[in-house]
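Participant: sequence and predicted structure are below.
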Amino acid sequence: MTSALSDTRFSILDRSRVRAGQQPAAALRETVEFARLAEQWGYHRFWVAEHHSVPGVAGSAPTVLAAAVAAATDRIRVGTGGVMLPNHQPLVVAEQFGTLAALFPDRVDMGVGRSVGFTDGVRRALGHGRDDAADFDGQLTELLEYFVRGRAGVHAWPAEGLRVPAYLLATGSGAERAARFGLPLVIAPIAGEDRMIEAITNYRNTFRPTEWGSAPYVIVSASVVVADTAEQAHRLLLPEAWSAAYSRTRGEFPPLLSPEAVAREPMTDRQRRLFEESLTGHIHGPESTVLPELTRLIKATTADEILVHTSTYDRAARLDSHRRLAAAVAAPALT
């Protein structure tokens, strides 16, 4: 393949999506099995996410789930994409990652983000509100200090002294924070690819080396689906697109429906518009289409790594997509 692909690592983000009629426990078990397969296929990392009170997502406790994934695998790096720091006390987050790193040395990544609970009820239940995100710099500083020297006489055993790589999830302006803290940047084209590229350029130009990072490192999150044809790949995108449209009009992210069920769902004009919008921005199709698109994305963003996320109702097709992608980009990218 092109040098852009061969020089780029590929990793996976899994949110433990729940399918209609499925119990959340089954989705969590699927995540663990998925990680085993991802390791066999040669992916570099396997990350899990944090969502609260979301019917369509079982991944609510990322450090607990990361422990299960790490215990079921041998080599692949395991981490979070990410723990939402405003929802937690930095001391507890440090202790959790310190425990993970002590149990699984040199395999744990600490990905953190700035989001807060999705609704007022969730934020109240977590004991945190929107204002908690305002002091994210202070929270992040406190978290990182626990790994180095403790803070104000408080020590986060067993974290202190352990080198757990930290990654900052950001959109747009958050890239400046990653540069200032000397952290690797994880970014997605939420506000559009042009704005993402601008944020990455500013991140690289203003990066300040720290004990957490000596040089810029960019991970671009991308939705990728590989199938025999463009039509089949597009069909696999329908369940997640409908869930996204539903959540933005009903305030709740539902379990994934089958493409057939999505076709039967009545949609308002607004839902139809959101549904169509959610079908854009994906890299999908056969390998002959996906690989050039990935090459273009990597060159445009100067990404060091691609964090692949794919959600669809058909579990077998989803696994096959990731298997085919790994085979297509091949080693040495996945090292």
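Facilitator: Thanks, I have the structure now.
Participant: next secondary structure after the lengthiest strand in the chain?
Facilitator: The residue-count maximum for a strand in the chain (DSSP state E) belongs to strand 218-226. From strand 218-226 onward toward the C-terminus, using DSSP states H and E, the following helix or strand is helix 230-250.
Participant: what does that following helix rub up against?
Facilitator: Helix 230-250 is contacted from outside by 17, 56, 223, 225-227, 252-259, 262-263, 265, 267-268, 270-272, 274-275, 278-279, 282, 284-286, 289, 310-314, 317-318, 321, using CB atoms under 8 Å, 6 or more residues apart in numbering. All C-beta spots, glycine's among them, are computed from the backbone N, C-alpha and C.
Participant: same question for stretch 256-264.
Facilitator: 17-20, 56, 235-236, 238-243, 265, 311-314.
Participant: at 6 Å what do you get?
Facilitator: With contact meaning CB atoms under 6 Å, 6 or more residues apart in numbering, stretch 256-264 is reached by Arg17, Arg19, Ala20, Arg235, Leu238, Pro239, Trp242, Tyr313.
Participant: just to revisit the earlier point, kindly export the longest strand of the chain (C-alpha atoms) in PDB.
Facilitator: Extracted C-alpha coordinates of strand 218-226, given in PDB (Å, rounded to 0.1, in the frame of the first residue of the first chain):
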ATOM      1  CA  VAL A 218      -2.300  12.900  16.300                       C
ATOM      2  CA  ILE A 219      -4.900  10.200  16.400                       C
ATOM      3  CA  VAL A 220      -7.800  10.800  14.100                       C
ATOM      4  CA  SER A 221     -11.100   9.100  14.900                       C
ATOM      5  CA  ALA A 222     -12.900   7.900  11.800                       C
ATOM      6  CA  SER A 223     -16.000   5.800  10.900                       C
ATOM      7  CA  VAL A 224     -14.900   3.100   8.500                       C
ATOM      8  CA  VAL A 225     -17.000   0.300   7.000                       C
ATOM      9  CA  VAL A 226     -15.600  -2.300   4.500                       C
END
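Participant: still on that earlier bit, mind checking which of the contacts of helix 230-250 are in helices?
Facilitator: Where these overlap with helices, as defined by DSSP state H, the overlap consists of 259, 262-263, 270-272, 274-275, 278, 289, 317-318, 321.
Participant: can I get the residues you listed in TSV with distance to Val154 and neighbour count?
Facilitator: Output for the ones in helices among the contacts of helix 230-250, formatted as TSV (distance: CB to CB, whole Å; neighbours: other CB atoms under 10 Å):
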residue	distance to Val154	neighbour count
Pro259	52	17
Val262	50	21
Ala263	56	11
Arg270	49	11
Gln271	49	17
Arg272	53	12
Leu274	46	20
Phe275	49	21
Ser278	44	19
Thr289	53	16
Ala317	48	17
Arg318	43	19
Ser321	45	23
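Participant: on that earlier part again, can I get the buried part of the contacts of stretch 256-264 as one ChimeraX selection?
Facilitator: Selection of buried members from the contacts of stretch 256-264 for ChimeraX, criterion 16 or more other CB atoms under 10 Å:
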select :17,19,235,238,239,242,313
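Participant: and the contacts of stretch 256-264, which is closest to Gly98?
Facilitator: Nearest to Gly98 among the contacts of stretch 256-264: Arg17, at 29.2 Å, using CB to CB.
Participant: phi, psi of the closest residue to that closest one other than its chain neighbours?
Facilitator: Of all residues not flanking Arg17 in the chain, Ser311 sits nearest, at 4.8 Å (CB to CB, 6 or more residues apart in numbering). In this entry, Ser311 is assigned phi and psi values of phi -120, psi 130 (degrees, to the nearest 10).
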